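Q: Compute the structure for the input listed below.
(chains A and B)
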Amino acid sequence: MDILSSPVIDISWLDLVGAAGLILLSVGITRWQGTRLAGSFLLGGVRTVVQLTVVGYVLVYIFNVNQWYWVMAALLLMTVVATREAVGRQDSRPSILYGITGLSLAVGSGFTLFYVSAVVVQVEPWYNPRYTIPLFGMIVGNAMNAAALAAERLAAELSMRRGEVEAYLALGADSAEAAREPVRSALRAALIPTLNSLMVVGIVALPGMMTGQILGGVSPLTAIRYQIVVMFMLAGSVTLTATLVTIGYRRRFFTTAEQLRLRPE
Amino acid sequence: MIDTVLYRLSRVSMKRAGRSALKDVELDLRVSELTVLVGPSGAGKTSLLRLLNRLDSPTSGSILYDGRPIESYSVLDLRRRVGFVFQKPVMFPGTVRGNMERAARIVGLAAGEIEERMREAMETAELPLNLLDRDGSELSLGQQQRANLARCLMTGPETLLLDEPTSALDPETSDRLLRTIRKLCRERGHTVIMATHRVGEAAAVGDRLVSIREGAVADPELDPATLARALEQGVDRDLPPST
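A: From the prediction side, this is the model:
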């Protein structure tokens, strides 16, 4: 039998009970080793089931109603949650950072989604939830990590290199010039994970989306083309978002009189 | 001596992290003078210097620079006119030449002028030209302090703010740097405002000594005789109470 045309094996709810055995294995090992993570593993397992089940039904609903405003509402919700998560990882969380991160994620991820769905995949209709929602999920998830890394590193660099930044300011440099090195370091920290994944994709690990497509019965050749698009898409959105966050956040560390403040406003 | 006021501070107060760093400072600083702000560590000397090229702003009070409110100047122009050398020297990553060129680029110095200005600044700061190609981090502390002064001179400042320029230097290197500072004022016509906690150094170098204590001006024209007495008594770390 041609392996590519063989039918997809469906996973029943009963099969999931079997899969839960692996979580129970983790619970057992962690309890045995006294890591105090057993409870968290159990909770994580329950949350995985509940969250994904809810998402599954929500996606079925959105796919069925197939209305642009439901799709937009879902994308907006994803952006809001990603913003909260990215800002939540910071030691210092000035309220302005929510605005900067939210806007950067919306612009960076929104532009990338538009580019991929309209120019590359040419989705019809433009809001087709079967494409836009999973694509946006991947985009915004990666952009969120980059935004969090960029903001965290920028704050740390400006604090660590305060003397250097103020030496530039004292010479009459503007804040963009004075913070150039901290901004570069923050961008590098945010972009290197994505760059690394571009380097090793397919060699060290098969990406989740490609694996999912192959398990779902798609030819590996189609799956890799999608994956290539996804990798490029992630590179674009991560770079765009991290740059916007870094530039936007950098400005908040300086007063209008080009004075450095270590608590951004 | 020209008696033209360069800075006029009126009732200047400043808080830093909720604590009062300066309280009701009233002070005139004159052009082409070498004014030394002298006082113990933590007295507010650095806080005061930082206000003079607007690295900080006062919480209340007013500062006039050359007769106009300091805020009325473009802050970038002001900082190019008023150079600041920090207590702890800061070298930008890379060579001394790279440091100098960065300062030149900030003020938009034409490519043809950079080399000449660099030579002049190195000479004034008494640094040999062969240091230009050394990495800044390889320099001794004294050389770094001089390199910071030279880099500051690249922007062509009229006024120099020097914060404890000799605090980390040995006596011999300190003396050399102080001679350079005096020369900058006497021969090059720079207005110099320098902070130090060393009384002997203040007496040796300053045209005018301003005593700063607990965030306030304790004495705007410290009497050299009082200072001499203090030195005779072997006090070289702190000032006697001002009369």
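Q: So which bits of chain B are right by chain A?
A: Proximity of chain B to chain A (C-beta under 8 Å from any C-beta of the partner chain) is limited to residues B:53-57, B:71, B:75-77, B:79-80, B:83-84, B:86, B:88, B:90, B:92-93, B:102-103, B:106-107, B:148, B:151-152, B:154-155. Every C-beta, even on glycine, is put in place using the N, C-alpha and C of the backbone.
Q: among those, which are in strands?
A: Secondary structure assignment by DSSP state E places B:83-84 of the residues of chain B next to chain A in strands.
Q: Filter the residues of chain B next to chain A down to the ones in helices?
A: In helices, defined here by DSSP state H, the members of these are B:75-77, B:79-80, B:102-103, B:106, B:148, B:151-152.
Q: Please pick out the residue of chain B most distant from its centre.
A: Distance to the chain centre peaks in chain B at residue B:112, reaching 28.9 Å (criterion: C-alpha atoms, centre = their mean).
Q: Kindly confirm my reading that that one is in a helix.
A: Yes - assessed by DSSP: H, G, I helix; E, B strand; the rest coil, residue B:112 belongs to a helix.
Q: Any figure for the gap between it and residue B:124?
A: Separation of residue B:112 from residue B:124 (C-beta to C-beta, to the nearest Å) stands at 20 Å.
Q: swap in residue A:186?
A: Residue A:186 sits 37 Å away from residue B:124, going by C-beta to C-beta.
Q: Pick out whichever of the two has more residues nearby.
A: When residue A:186 and residue B:124 are compared for neighbours, residue A:186 comes out ahead with 27 against 18, by other C-beta atoms under 10 Å in any protein chain shown.
Q: Just the buried residues of the helix or strand that one falls within, please?
A: Using DSSP states H and E, residue A:186 sits within helix A:180-200. By neighbour count on 16 or more other C-beta atoms under 10 Å in any protein chain shown, the buried set for helix A:180-200 is A:181-183, A:185-187, A:189-191, A:194, A:197.
Q: now these as CSV including distance to residue A:86 and pLDDT?
A: Output for these, formatted as CSV (distance: C-beta to C-beta, whole Å; pLDDT from 0 to 100):
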residue, distance to residue A:86, pLDDT
A:181, 23, 95
A:182, 19, 96
A:183, 18, 97
A:185, 18, 96
A:186, 14, 97
A:187, 15, 97
A:189, 14, 96
A:190, 11, 96
A:191, 15, 97
A:194, 15, 94
A:197, 19, 92
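Q: Among these, which ones lie close to chain B?
A: For chain B, the contacts drawn from the buried residues of helix A:180-200 by C-beta under 8 Å from any C-beta are residue A:181.
Q: so where's the chain shaky on pLDDT?
A: In the absence of a named chain, this looks at chain A. Within chain A, the set of residues satisfying pLDDT under 70 comprises A:1-5.
Q: looking at chain B here, not the other one
A: Checking chain B against pLDDT under 70 turns up B:1-3, B:224-225, B:228-243.
Q: Please name the nearest non-neighbouring residue to residue A:49.
A: Sequence neighbours aside, residue A:16 is the residue nearest to residue A:49 in space, at 7.4 Å (criterion: C-beta to C-beta, 6 or more residues apart in numbering or on different chains).
Q: Who are the contact partners of the closest residue in space to residue B:102 that isn't next to it in sequence?
A: Spatial nearest neighbour of residue B:102, excluding adjacent residues (C-beta to C-beta, 6+ apart): residue B:92 at 5.9 Å. Residues near residue B:92 by C-beta atoms under 8 Å, 6 or more residues apart in numbering or on different chains: A:164, A:167-168, B:98-99, B:102, B:136.
Q: repeat for residue A:44
A: Residues in contact with residue A:44 (C-beta under 8 Å, 6+ apart) are residue A:23.
Q: And what about it, helix, strand or coil?
A: helix.
Q: ok, it to residue B:136 distance?
A: With the distance defined as C-beta to C-beta, residue A:44 ends up 50 Å from residue B:136.
Q: okay, now the domains of chain A?
A: A:1-65, A:67-252 (automatic domain parsing).
Q: Among these, pick out the one with the most neighbours on average.
A: Using mean count of other C-beta atoms under 10 Å in any protein chain shown, the stretch among the domains of chain A with the largest mean neighbour count is domain A:67-252, at a mean of 18.
Q: Could you tell me the end-to-end distance of that one?
A: 39 Å (C-alpha to C-alpha, to the nearest Å).
Q: Over to residue B:196: give its phi and psi.
A: When quoted as degrees, to the nearest 10, the phi and psi of residue B:196 stand at phi -150, psi 150.
Q: the strands in chain B, which residues?
A: Ranges of strands in chain B, per DSSP E, are B:5-16, B:19-30, B:34-38, B:60-65, B:68-69, B:82-85, B:159-163, B:191-196, B:208-213, B:216-219.
Q: Just give me the neighbour total for residue B:174.
A: Neighbourhood size, residue B:174 [other C-beta under 10 Å]: 18.
Q: how near is the residue farthest from the centre of chain B to chain A?
A: 21 Å (C-beta to the nearest C-beta, to the nearest Å).
Q: Show the contacting residues for that residue.
A: By C-beta under 8 Å, 6+ apart, no residues touch residue B:112.
Q: next one: residue A:97
A: A:87, A:90, A:151, A:249, A:252, A:264.
Q: The fourth one and residue B:24: what is the separation?
A: What that stands for is residue A:249. If you measure residue A:249 against residue B:24 using C-beta to C-beta, the figure is 37 Å.
Q: Those residues of the stretch 51-200 of chain A touching chain B, which are they?
A: So the stretch 51-200 of chain A meets chain B at A:163-164, A:166-174, A:177, A:181 (C-beta under 8 Å from any C-beta).
Q: Now render those residues as CSV, adding secondary structure.
A: Shown next, in CSV, are those (three-state DSSP):
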residue, secondary structure
A:163, helix
A:164, helix
A:166, helix
A:167, helix
A:168, helix
A:169, helix
A:170, helix
A:171, coil
A:172, coil
A:173, coil
A:174, coil
A:177, helix
A:181, helix
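Q: okay but residue B:163 is in contact with residue B:48, surely?
A: No - contact criterion C-beta atoms under 8 Å: residue B:163 and residue B:48 do not qualify, at 9.8 Å.
Q: tell me, what's touching these two both at once?
A: residue B:195.
Q: Among these two, which residue is more densely surrounded?
A: A count of neighbours by other C-beta under 10 Å puts residue B:48 above the other of residue B:163 and residue B:48, at 30 against 20.
Q: my read: that one touches residue B:212, true?
A: Yes - between residue B:48 and residue B:212 there is a contact under C-beta under 8 Å: 6.8 Å.
Q: what is in contact with those two at once?
A: B:37, B:195.
Q: related to what we said a few turns ago, among the buried residues of helix A:180-200, which pair sits farthest apart?
A: Of all pairs drawn from the buried residues of helix A:180-200, the one with the longest distance (C-beta to C-beta) is A:181 and A:197, at 25.6 Å.
Q: Measure how buried residue B:190 is and give me the count.
A: Using other C-beta under 10 Å, residue B:190 has 20 other residues around it.
Q: Touching, it and residue B:159? I think so.
A: Yes - using C-beta under 8 Å, residue B:190 makes contact with residue B:159 at a distance of 6.7 Å.
Q: Could you pull up the contacting residues of the closest residue to residue B:16 other than its chain neighbours?
A: For residue B:16, ignoring the flanking residues on the chain, the nearest one in space by C-beta to C-beta, 6+ apart is residue B:47 at 6.6 Å. Residues in contact with residue B:47 (C-beta under 8 Å, 6+ apart) are B:14, B:16, B:21-22, B:56, B:215.
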